[in-house]
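Visitor: Task: produce atomic coordinates for the following.
(chains A and B)
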Amino acid sequence: GEKVEQHESTLSVREGDSAVINCTYTDTASSYFPWYKQEAGKSLHFVIDIRSNVDRKQSQRLIVLLDKKAKRFSLHITATQPEDSAIYFCAARYGNEKITFGAGTKLTIKP
Amino acid sequence: EAAVTQSPRSKVAVTGGKVTLSCHQTNNHDYMYWYRQDTGHGLRLIHYSYVADSTEKGDIPDGYKASRPSQENFSLILELASLSQTAVYFCASSPQSDTLYFGEGSRLIVV
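Guide: Numbering: from 1, shown residues only, chains lettered A, B, ... in the order given. Below you'll find the predicted structure:
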C-alpha cells in the first residue's frame, strides 16, 4: 500500500516567518493530497488539499506544492502567527478510497 | 450543524474484554473511516466503509472488526482487547473519499 513520509517531526519558526513541511509518497497512482491540522488535545481538521492535475494551490496564507515526478508535496505557511502552532499531517489517497497519513509535524511559532 | 460524534470519549478496558467504539454522522456522507493515533505514527487506517452493510479492511485491520448498519453509524469492535490497542481512535466521514470530517476521538486504555 501507499506510504507517506513526513520529513520534519518538529519545526520551530519565528512569528512572521514562513514554515515549510515536506512529505513524500510511494504510490505513483495517488491523486489526492490533503493536509490536516491538530491543535493540542483536539481532533483533526482539514486545512488545504491539492489534486494531481495541478502543481500549486493557495488558500490565504497556505500554499501547497506538488512535484509528481519526485513524488513530493509540501505545505508552506507564510507570515506565521501564534495560532498556527499545531501538529500538521500530510496524507495521500490511493486506490480511490484509502487515505494514508504521515506521522505528523509539530510546528511551534516562537514570538 | 453536521457533525461526527463518537462514543465513548474515553474508556478503560480489561485485557481480553470486548470493546465497541461507536460513531454517528449527520453529514449524509457515504464514506466512513476508523483510524488509530499513536505517538510517532500519525494516523493509521483500520477499517472503512463506503456503503451501509459493507466494510473494507484498511492498513492495520488485525484485531479489529467493523460494522456499518446504516449510513449514519459505523462501529469499531475489539473482540479481545490487548495492551497494544491502547490508543486514541478517530472516526471520520467523507462525501467522496476526499475531505475527511473527524469526530472528537475516543481514548482507549487497555489494562
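Visitor: pLDDT below threshold where in chain A?
Guide: Chain A contains no residues with pLDDT under 70.
Visitor: and it, which of its residues are near chain B?
Guide: Listed as neighbours of chain B in chain A under the rule Cβ under 8 Å from any Cβ of the partner chain: A:1, A:6, A:9, A:32, A:34, A:36, A:42-46, A:49, A:89, A:93, A:96-104. Just so you know, the C-beta spots here come from the backbone N, C-alpha and C atoms, and that holds for glycine as well.
Visitor: Need the pLDDT of the most centrally placed residue in chain B.
Guide: When chain B is reduced to its mean C-alpha position, the nearest residue by Cα atoms, centre = their mean turns out to be residue B:34, at 3.2 Å. At residue B:34, the predicted lDDT confidence score is 98.
Visitor: a helix runs through it, doesn't it?
Guide: No - counting by DSSP: H, G, I helix; E, B strand; the rest coil, residue B:34 is not part of a helix but strand.
Visitor: ok, now which ones touch it?
Guide: B:21, B:23, B:45-48, B:58, B:64, B:66, B:74, B:76, B:89-91 (Cβ atoms under 8 Å, 6 or more residues apart in numbering or on different chains).
Visitor: For PyMOL, what selects the buried ones among the residues of chain A next to chain B?
Guide: This is how PyMOL selects the buried members of those, with burial counted by 16 or more other Cβ atoms under 10 Å in any protein chain shown:
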select buried, chain A and resi 6+32+34+36+43+44+46+49+89+93+97+98+99+100+101+102+103+104
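Visitor: Among the residues of chain A next to chain B, which are located in strands?
Guide: Using DSSP state E, the subset of those located in strands is A:6, A:32, A:34, A:36, A:44-46, A:49, A:89, A:93, A:98-101.
Visitor: which of those residues lies closest to residue B:105?
Guide: residue A:44 (8.8 Å; Cβ to Cβ).
Visitor: The closest one contacts residue B:102, correct?
Guide: Yes - counting by Cβ atoms under 8 Å, residue A:44 touches residue B:102, with 4.8 Å between them.
Visitor: Can you check which residues contact both of those two?
Guide: Going by Cβ under 8 Å, 6+ apart, residues that sit against residue A:44 and also against residue B:102 are A:36, B:90.
Visitor: any idea how far residue A:33 lies from chain B?
Guide: Remark: distance between residue A:33 and chain B (Cβ to the nearest Cβ, to the nearest Å) = 10 Å.
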